[in-house]
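J.: I'd like to go over a predicted model; first the sequence, then the structure.
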Amino acid sequence: MERAERRALKHHNPSQSMAALKRVWLAKGAVRIDPMPAYYCGTQPTTEPSTLGGLGVLDDTLVFGTAGDALKLRLPISALRWISCAVVKDSSLDGGTTTGLMLHVEQDAQWQIHAFRVSDPLAVGHLFHEVLGVPVMRAFDLGPAKVAVFEQDIYGHWNYQSRGVAYLAPDRLLIDGKTALHVADLRTIVVGPARGLSEVTAWLLRLSYQHGDGGLGGLGVQMPRAYAQRWADAMSSRSGVPVQVYDGRKGKGEKLAS
């Protein structure tokens with residue numbers, strides 16, 4: 001844990017604070033995981049300062065509470081999909097970044113990633129897994145990335161749609177918190193220069209995938225070259241679909257896979 005965090009926790013007397021939180025929680029139900037010192041960093045991506053409090057489980061709800069609000073954040077366990085670790089930004093830290101515990105929640109077709117700073121993110125993740133049965137992603141996830149989104153038409157042309165924030169969850173690609181495609185539906189993964197689409201330094205991650213009706217769709221995600229290669233490799237490892245490299249020559253690799 002960072003020195004600044006240790007000083008803050010000592011100043012706030014975490015043992016007494018967590019005991020006080022537990023008493024409040026016990027008055028409301030069964031405490032399945034005792035509150036533990038944690039900083040809530042908000043939903044990703046965020047640059048807001050973190051909030052000190054306690055993270056635990058009350059009945060069927062994951063709860064984050066503070067001295068002023070014992071139930072500040074409540075997330076139903078039924079909506080918790082995955083737990084992972086990632087580098088998070090926190091303006092209250094001297095270095096600006098640290099390792100975060102990422103809780104992936106899906107509600108009303110919206111996927112949110114709630115980030116927390118705890119002393120041992122992976123250990124806390126495994127605790128939640130043991131008690132709640134929620135899958136834990138062992139490796140670091142890639143975090144959010146600002147991207148330009150393209151769709152491919154039947155002629156193989158890539159048409160700009162919007163700019164947004166992409167996040168590669170363990171089983172799906174998200175754009176602005178909504179599912180763009182499921183990894184299991186991928187048919188081809190092609191990475192290469194974004195020829196004629198915008199910045200010469202950007203690469204386009206070209207993805208073809210199968211719709212529920214059996215048809216094929218094409219989604220292009222434009223991002224810096226280093227990011228595109230990492231995302232392509234991560235998708236390949238989760239789907240078993242090999243990564244192809246597009247060299248920028250006209251017509252090559254531009255059509256949807258059949």
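T.: Received, thanks.

J.: which residues does L132 contact?
T.: Residues in contact with L132 (CB atoms under 8 Å, 6 or more residues apart in numbering) are 32, 57, 77, 80. Backbone N, C-alpha and C define where each C-beta goes, glycine included.

J.: so the first one touches L62, yeah?
T.: To tie it back to what came earlier, the one meant is R32. No - judged on CB atoms under 8 Å, R32 makes no contact with L62 at a distance of 9.6 Å.

J.: which residues are in contact with both of the two?
T.: Common contacts of R32 and L62 (CB under 8 Å, 6+ apart): G56.

J.: those two: which is more packed in?
T.: L62 (23 against 16; other CB atoms under 10 Å).

J.: show the pLDDT at that one.
T.: On pLDDT, L62 comes in at 96.

J.: what is it paired to in the beta sheet?
T.: L62 forms beta bridges with V57, L75, as assigned by DSSP bridges.

J.: distance of it relative to Q110?
T.: Distance of L62 to Q110, computed by CB to CB, to the nearest Å: 17 Å.

J.: same check, this time on E151
T.: 21 Å.

J.: and for D247?
T.: D247 is 38 Å from Q110, by CB to CB.

J.: which one of those two has more residues nearby?
T.: Legend: neighbour count by other CB under 10 Å for D247 and Q110, higher for Q110 (12 against 9).

J.: the more buried one pairs with what?
T.: Q107.

J.: pLDDT wise, what is it at?
T.: Taking Q110 on its own, its pLDDT is 86.

J.: surely it meets T179?
T.: No - counting by CB under 8 Å, Q110 stays clear of T179, with 9.4 Å between them.

J.: the strands in the stretch 151-258 of the chain, which residues?
T.: Using DSSP state E, counting those that start in this stretch, the strands found in the stretch 151-258 of the chain span residues 158-169, 172-175, 178-182, 186-193, 202-210, 216-224, 243-245.

J.: where does the chain have low pLDDT?
T.: Scanning the chain for pLDDT under 70 picks out the ranges 1-13, 46-47, 90-97, 138-140, 195-201, 248-258.

J.: report the longest helix in it, please.
T.: If you go by DSSP state H, the chain has its longest helix at helix 225-239.

J.: picking up where we left off before, out of the strands of the stretch 151-258 of the chain, which is closest to S237?
T.: S237 sits nearest to strand 243-245 of all those, at 9.7 Å, using CB to CB.

J.: show residues contacting the closest one.
T.: The contact list for strand 243-245, computed with CB under 8 Å, 6+ apart, reads 188-192, 232-233, 235-236, 253.

J.: mind listing what's buried along that strand?
T.: 243-244 (16 or more other CB atoms under 10 Å).
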